[in-house]
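Participant: Here's my sequence, what's the structure:
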Amino acid sequence: VVDLDVGFLSNPLELIKPFYSSDYDIFVQEDLSFVMNRTVEGWRTWYTVPLPNIGLFLCRGNSKTVRMFNRAWKDYKSITANIKHNPGKDQNKVVNAMISARSYGLKWKYFSMNKTILLDKIYKFHDQTYELGGLAAVKTLSNYGAVAVHTTCYEQKMKVMGLKASNAFYNPRYYNPDRLTLTKKLIYTTENDLLKEIRTLIYLSILTN
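Facilitator: Purely as a prediction, here's the structure:
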């Protein structure tokens, strides 16, 4: 299972081959905190103990995993209708089922956090410069030895920009460090001011080739 907001900096087989050669039923990404955008409450951050993030999830088909998913689906169907579609409710049921499934022998482990990074955690706890693209993105992300990048908790169009920054395996020229780029951090004050900044960058790029 791979969410649509997961990109790859290098060949995904680097993650898949160790799974094939192991006796684990599941490899899953580790998450440390999560951010929800709730219209009524606004932006809030909940910190958790390490928990699986099933957006990047390798799973064998066997009786143990079938039993686990059946438990998750049964629990999900029991949710009150008005909260069923809140962010994370379906994932929470799978995570709870994974944890309880250890009692009947289901074996799962986390991918290396360096190889499968959560982009919002890099932004929040380490470095924001990858958002500039170009050489800044290459240096920041390669320092972690990342193979997969998950833009979880980026919202709407920001997910697309995060994927463009991290899909070097499939689109190697998008942020090619050898290409001439002109970058700066955009300072958002008003929509009109932001538009002026972007137009200025476009103009300077044309002038300087």
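
Participant: three-state assignment of the nearest residue to Ser22 once chain neighbours are set aside?
Facilitator: Closest residue to Ser22 apart from its sequence neighbours, by Cβ to Cβ, 6 or more residues apart in numbering: Lys109 at 7.9 Å. C-beta coordinates here come from the backbone N, C-alpha and C atoms, glycine included. Following DSSP: H, G, I helix; E, B strand; the rest coil, the label given to Lys109 is strand.

Participant: Lys109: how many residues sit nearby?
Facilitator: Taking other Cβ atoms under 10 Å as the criterion, the count of residues near Lys109 is 15.

Participant: Could you pull up the residues touching it?
Facilitator: 22, 24, 26-28 (Cβ atoms under 8 Å, 6 or more residues apart in numbering).

Participant: Let's see if you can find the most crowded of those.
Facilitator: Busiest of those [other Cβ under 10 Å] is Val28, holding 24 neighbours.

Participant: I'd guess that one is in a helix, am I close?
Facilitator: No: Val28: not assigned to a helix; according to three-state DSSP it is strand.

Participant: hey, what's the closest residue in space to it that isn't next to it in sequence bridged with?
Facilitator: Using Cβ to Cβ, 6+ apart and skipping the chain neighbours, the partner closest in space to Val28 is Pro52 (4.2 Å). Legend: beta-bridge partners of Pro52 under DSSP bridges are Glu30.

Participant: Likewise for the one 5 residues further on?
Facilitator: Listed beta-bridge partners, Phe57: Val28 (assigned using DSSP bridges).

Participant: my guess is it contacts Glu30, does it?
Facilitator: No: counting by Cβ atoms under 8 Å, Phe57 stays clear of Glu30, with 11.5 Å between them.

Participant: what number of residues lie near Ala101?
Facilitator: By other Cβ under 10 Å, the residues close to Ala101 number 21.

Participant: For it, give me the pLDDT.
Facilitator: Note for Ala101: predicted pLDDT of 94.

Participant: Relative to Trp108, how far out is it?
Facilitator: As defined by Cβ to Cβ, to the nearest Å, Ala101 lies at a distance of 8 Å from Trp108.

Participant: Ramachandran angles for the residue nearest the centre of the chain?
Facilitator: Nearest residue to the geometric centre of the chain (Cα atoms, centre = their mean): His150, 1.8 Å. Note on His150: backbone dihedrals following degrees, to the nearest 10 are phi -110, psi 120.

Participant: Identify the residues contacting the residue nearest to Val28.
Facilitator: Neighbour list for Pro52: 28-31, 94-95, 98, 108, 110 [criterion: Cβ under 8 Å, 6+ apart].

Participant: Include pLDDT when you put those residues into TSV, please.
Facilitator: Conversion of the contacts of Pro52 to TSV gives the following (pLDDT from 0 to 100):
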residue	pLDDT
Val28	94
Gln29	91
Glu30	89
Asp31	84
Val94	91
Val95	90
Met98	93
Trp108	94
Tyr110	93
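
Participant: So for Phe57, what's the pLDDT?
Facilitator: We have a pLDDT of 92 for Phe57.

Participant: can you tell me which residues contact it?
Facilitator: Taking Cβ under 8 Å, 6+ apart, we find Phe57 in contact with 1-2, 26-29.
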